[in-house]
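A.B. asks: need a structure here:
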Amino acid sequence: MNENLELRKGAIDNPKDWRVYKISGVDRTIVARKGGPSANDIKSKESYQELRNNQKEFGVASMMARTMRMTMTGDLGDICETYSSGKLTAKFRGLVKGVDGPTGRRPLTPSKYGKQVEGFEFNPEFPFGTTFYPKYFVHPGQGRGHVILHFPGFVPQSNIAFPAEATHFKLTAKLVSISDFYFDEEEASYRPCNPDHHGLTDSFESNMFPDLKIAIQPITAQLSIVPPKGLPEKVGVFLLMGVKFYKYENAKYTFVKNGSSCKVLKSF
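C.D. replies: Okay, the predicted model is just below:
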């Protein structure tokens, strides 16, 4: 990129061989030279073999991230920042860290390395831990894929960071299964180890609570994605936890995105 290239009207009318664009979060205009390898070069040239191998692993990580994101519907989906999908993909891409084998053939195993994804914030400007800070408990249930949540009674006004415009809140949680993936040498592509158990989900959402100065009653909830024969090995399970805020006005609740929060709390 040429830092001295100016784009004032009259200085350059049509910057040949240059691309001009803006990126969210970057104040200045970005100017970059056009060009690079063609799609055919990347697909066929030996010099791009490592890139192709990385793309295979990236494709699986992207699919895992998309599976998790697609379970976040309604207001929960609105919590996510613009670039959360790409950042979540990078987290799932980290599943191959420390795994032996050639790039592009290494297994991606959330059942073993799901902790790589723990702590991911879908709205990092408002982290869950600094938005919602009462005590709560996560207990394993009857087998992997069964979780019991317990929130002792707490005073909302002194235990939740309410946005200025919010008057009410809901607690939300979601359990999601993500299958391990292996590289099929015959098909020369990645395949899920347990396709029938990939993308299973269960959800919990509390009642609507106002911004009270007195304690609310304890809350206990169960989430389960355990099929009749149990959840097989080579399937990762992730618990997402969040708090959503609302404004009550004119007999209507309106979702408040700024301040609402959700994170990948735990993997099993």
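A.B. asks: Please enumerate the strands of the stretch 1-150 of the chain.
C.D. replies: Under the criterion DSSP state E, counting those that start in this stretch, the stretch 1-150 of the chain contains strands at 18-21, 30-33, 137-140, 146-151.
A.B. asks: residues making contact with the longest one?
C.D. replies: Think strand 146-151. Identification of contacts with strand 146-151 by CB atoms under 8 Å, 6 or more residues apart in numbering yields 134-141, 171, 173, 175, 204, 218-226, 239, 268. From N, CA and C alone the C-beta is placed, and that goes for glycine too.
A.B. asks: how much space is there between Pro127 and Met241?
C.D. replies: Pro127 sits 12 Å away from Met241, going by CB to CB, to the nearest Å.
A.B. asks: try Phe183
C.D. replies: In this view, Phe183 and Met241 are 33 Å apart by CB to CB.
A.B. asks: rewinding a little: filter the contacts of strand 146-151 down to just the buried residues.
C.D. replies: Taking 16 or more other CB atoms under 10 Å as the criterion, what is buried in the contacts of strand 146-151 is 134, 136, 171, 173, 175, 204, 219, 223-226, 239, 268.
A.B. asks: Mind picking the two most distant members of these?
C.D. replies: Greatest spacing in the buried ones among the contacts of strand 146-151, by CB to CB: Pro134 and Val226 (27.9 Å).
A.B. asks: Pull the contacting residues for Ser179.
C.D. replies: By CB under 8 Å, 6+ apart, the contact list for Ser179 reads 110, 192-195, 197-198, 234-236.
A.B. asks: Phi, psi for it please.
C.D. replies: When read as degrees, to the nearest 10, the backbone of Ser179 gives phi -70, psi 150.
A.B. asks: Likewise for Lys266?
C.D. replies: According to degrees, to the nearest 10, Lys266 has phi -160, psi 150.
A.B. asks: Give me the neighbour count for it.
C.D. replies: 18 (other CB atoms under 10 Å).
A.B. asks: what's the distance between it and Ser84?
C.D. replies: As defined by CB to CB, Lys266 lies at a distance of 19 Å from Ser84.
A.B. asks: So for Pro192, what's the pLDDT?
C.D. replies: We note a pLDDT of 97 for Pro192 in this prediction.
A.B. asks: what are the phi and psi values for it?
C.D. replies: phi -70, psi 140.
A.B. asks: Could you measure from the nearest residue to it once chain neighbours are set aside over to Thr67?
C.D. replies: Take Pro192 and drop its neighbours on the chain: the residue closest to it by CB to CB, 6 or more residues apart in numbering is Ser179, 4.1 Å away. The gap separating Ser179 from Thr67 is 9 Å, by CB to CB.
A.B. asks: Mutual contacts of these two, please.
C.D. replies: Applying CB under 8 Å, 6+ apart, one finds that Ser179 and Thr67 are jointly contacted by His198.
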